[in-house]
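# Give me coordinates for this.
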Amino acid sequence: MTNHMTNYSGIAETYLSLWNATDPAARLALLEKSWAPQGRYTDPLADAAGPEAISATIGAVQEQFPGLVFTLVGEVDGHHAQARFRWGLGPAGEEPLVIGFDVVTLDGDGRLVDVLGFLDKVPA
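Predicted coordinates for the structure are as follows:
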């Protein structure tokens, strides 16, 4: 149940580990565990609902940016059943090439229901 004791940083880290999971079966298993069945992901380039569509979206991003990893940039801010955080995408241990900002909404069990993504820095 989400409340003032929710571990928003842990939720963000689990979420980013999902984006770094390159094995489709492992990614889908993590997605089914951490997202509500009706979960939805929306950003300027994608709108996906349900585990299979979200996993396919992540797989497409990994194909577009092979070998790059998602990392947390800064602190996670959360309250009630929502959190916001910045992330970076780039070579491991280096400056991110892409930086984004996500807002997530959680259900009563702390699973992701809705993710709204924004792109702050994109290579030309």
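# Check the secondary structure at the residue nearest the centre of the chain for me.
Here the mean C-alpha position of the chain is nearest to the C-alpha of Tyr15 (C-alpha atoms, centre = their mean), at a distance of 4.2 Å. What DSSP: H, G, I helix; E, B strand; the rest coil gives for Tyr15 is helix.
# hang on, Asp77 packs against Ala83?
Yes: Asp77 sits in contact with Ala83 when judged by C-beta atoms under 8 Å, with a separation of 6.6 Å. No exception for glycine: its C-beta is placed from N, CA and C like everyone else's.
# of those two, who's got more company?
With other C-beta atoms under 10 Å as the criterion, Asp77 and Ala83 differ in neighbour count, and Ala83 comes out ahead with 23 against 14.
# so where does that one fall, helix or strand?
Using DSSP states H and E, Ala83 falls within strand 82-90.
# Over to Ala12?
Using DSSP H and E, Ala12 falls within helix 8-20.
# what's downstream of that helix, the next helix or strand?
Past helix 8-20, heading to the C-terminal end, the next element that is a helix or strand (DSSP H and E) is helix 24-34.
# Packing partners of that next one?
On a contact count with 3 or more C-beta pairs under 8 Å, 6 or more residues apart in numbering; DSSP states H and E, helix 24-34 meets helix 8-20, helix 51-64.
# CSV please, covering those and showing distance to Phe118 and mean pLDDT.
As requested, those are exported to CSV (distance: least, C-beta to C-beta, whole Å; pLDDT from 0 to 100):
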stretch, distance to Phe118, mean pLDDT
helix 8-20, 15, 96
helix 51-64, 15, 96
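# Can you add distance to Asp102 and give the ones you listed back as TSV?
What follows is the helices and strands packed on helix 24-34, written out as TSV (distance: least, C-beta to C-beta, whole Å):
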stretch	distance to Asp102
helix 8-20	8
helix 51-64	13
